[in-house]
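Need a 3D model of the sequence below.
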Amino acid sequence: MRFLLASKSPARRATLISAGITPIVRISDVDEDLVLADFCARSAGVPSPGDQVTTLADAKCGAVISGLVDGTIVIDEAHCERLLVVACDSMLLQDGQMLGKPHTAEIARERIRAFRGSEAILWTGHSAALVERDPSTPLDSYALIARTHASTSTIVRFGSMSDAEIDAYVDSGEPLHVAGSFTIDGLGGPFIAGVDGDHHNVVGISLPLVHTMAEEVGVFWPDLWDHRQPR
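Predicted coordinates for the structure are as follows:
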């Protein structure tokens, strides 16, 4: 039994490792902007924050599951007869607007200046599935056994930052490729005054929520721990 993280986020991987789980990492090539735009266009009204991030997580998880089922995603690590596949996506809700990755320094700087000294809500969608090797196929592929999804939110209280500190933070490059233009587990940590809710969720993966989802698909959480893996 192994944990497969369908995300290239080093913060999510580090969070799992700190919890005793070294995940296998396989990344989907999902176009997040396209998925979200299509979902919003098909929705009646503006989708809820939870639905938006869960839709993105589902798209990423689904892409990796498809690759495991058709054999295009290969798992060559040992003892992988069963996999818990988990994908996540985070966005920051501020003043009624959902904010993803800024990608540019100008947008990151503008956002950080706007929310310093205020509060915002970090939403993370989670999608999880249990897959097992399918011995009936000639390929070393998997069959989908069960799947679930959920979202959760955490209130983030931002501290004060001078314009010079914001410029230095943006120049570091760290906030350009993370949801909401900040991190709590990196250079941005000293500027976060506090959180209300699961702090793991702010990093990008809520361990309590993933534990609950693992139970829903029939996974015993301790079976994922590194020290319990077969040698």
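
quick one: the strands in the protein?
2-5, 24-25, 82-94, 97-99, 119-133, 142-158, 192-196 (DSSP state E).

in its sheet, what does the shortest one sit against?
For strand 24-25, the pairing partners within the sheet under DSSP bridges are strand 2-5 (parallel).

still on that earlier bit, mind checking which of the strands of the chain is nearest Ile112?
Among the strands of the chain, strand 142-158 comes nearest to Ile112, with 8.3 Å by CB to CB. To be clear about C-beta, it is placed using only N, CA and C from the backbone, and glycine gets the same treatment.

Now do the contacts for Leu92.
Listed by CB atoms under 8 Å, 6 or more residues apart in numbering, the contact partners of Leu92 are 98-99, 120-123, 156, 179-181.

For the residue sitting nearest the centre point of the chain, give me its contacts.
The structure's the chain has its C-alpha centroid closest to Cys88; by CA atoms, centre = their mean the separation is 2.6 Å. The neighbourhood of Cys88, defined by CB under 8 Å, 6+ apart, consists of 7, 9, 12, 57, 60, 124-127, 204-205.

if we can go back for a sec, lowest-confidence stretch among the strands of the chain?
The weakest mean pLDDT among the strands of the chain belongs to strand 97-99, with a mean of 92.

for that strand, which positions count as buried?
Neighbour counts using 16 or more other CB atoms under 10 Å place 98-99 of strand 97-99 among the buried residues.

what comes into contact with it?
Under CB under 8 Å, 6+ apart, the answer for strand 97-99 is 49, 52, 91-93, 111, 123, 179-181.

where in this structure is pLDDT low?
138 (pLDDT under 70).

re the thing from before, for the contacts of Cys88, which two are the farthest from each other?
Largest pairwise distance in those, by CB to CB, is 14.3 Å, between Ser9 and Ser127.

before we move on, back to that, between the strands of the chain, which one is closest to Gly45.
strand 97-99 (14.1 Å).

strand partners of that closest one, parallel vs antiparallel please.
strand 82-94 (antiparallel).

wait, Pro208 sits on His199?
No. Contact between Pro208 and His199 fails when scored by CB atoms under 8 Å: they sit 10.8 Å apart.

between the two, which one's more packed in?
His199 (18 against 11; other CB atoms under 10 Å).

Provide a list of residues in contact with the more buried one.
The neighbours of His199, taking CB under 8 Å, 6+ apart as the test, are 154, 184.

switch to 10 Å and redo it
His199 makes contact with 15, 122, 154, 156, 184-185, 192, 206-207, according to CB atoms under 10 Å, 6 or more residues apart in numbering.

Using TSV, lay out those residues together with distance to Leu36.
Formatted as TSV, those follow (distance: CB to CB, whole Å):
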residue	distance to Leu36
Thr15	24
Leu122	17
Thr154	20
Val156	21
Ile184	23
Asp185	25
Ile192	26
Ser206	20
Leu207	25
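
how about those in CSV, adding neighbour count and distance to Thr148?
As requested, the contacts of His199 are exported to CSV (neighbours: other CB atoms under 10 Å; distance: CB to CB, whole Å):
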residue, neighbour count, distance to Thr148
Thr15, 22, 20
Leu122, 29, 21
Thr154, 21, 20
Val156, 26, 26
Ile184, 21, 26
Asp185, 18, 26
Ile192, 17, 30
Ser206, 25, 14
Leu207, 18, 16
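
Pick out whichever of those residues sits closest to Phe220.
Leu207 (15.4 Å).

What is the burial count for the residue lying closest to that closest one once chain neighbours are set aside?
In space, and not counting its chain neighbours, Leu207 is closest to His200: 4.8 Å by CB to CB, 6 or more residues apart in numbering. By other CB under 10 Å, the residues close to His200 number 24.
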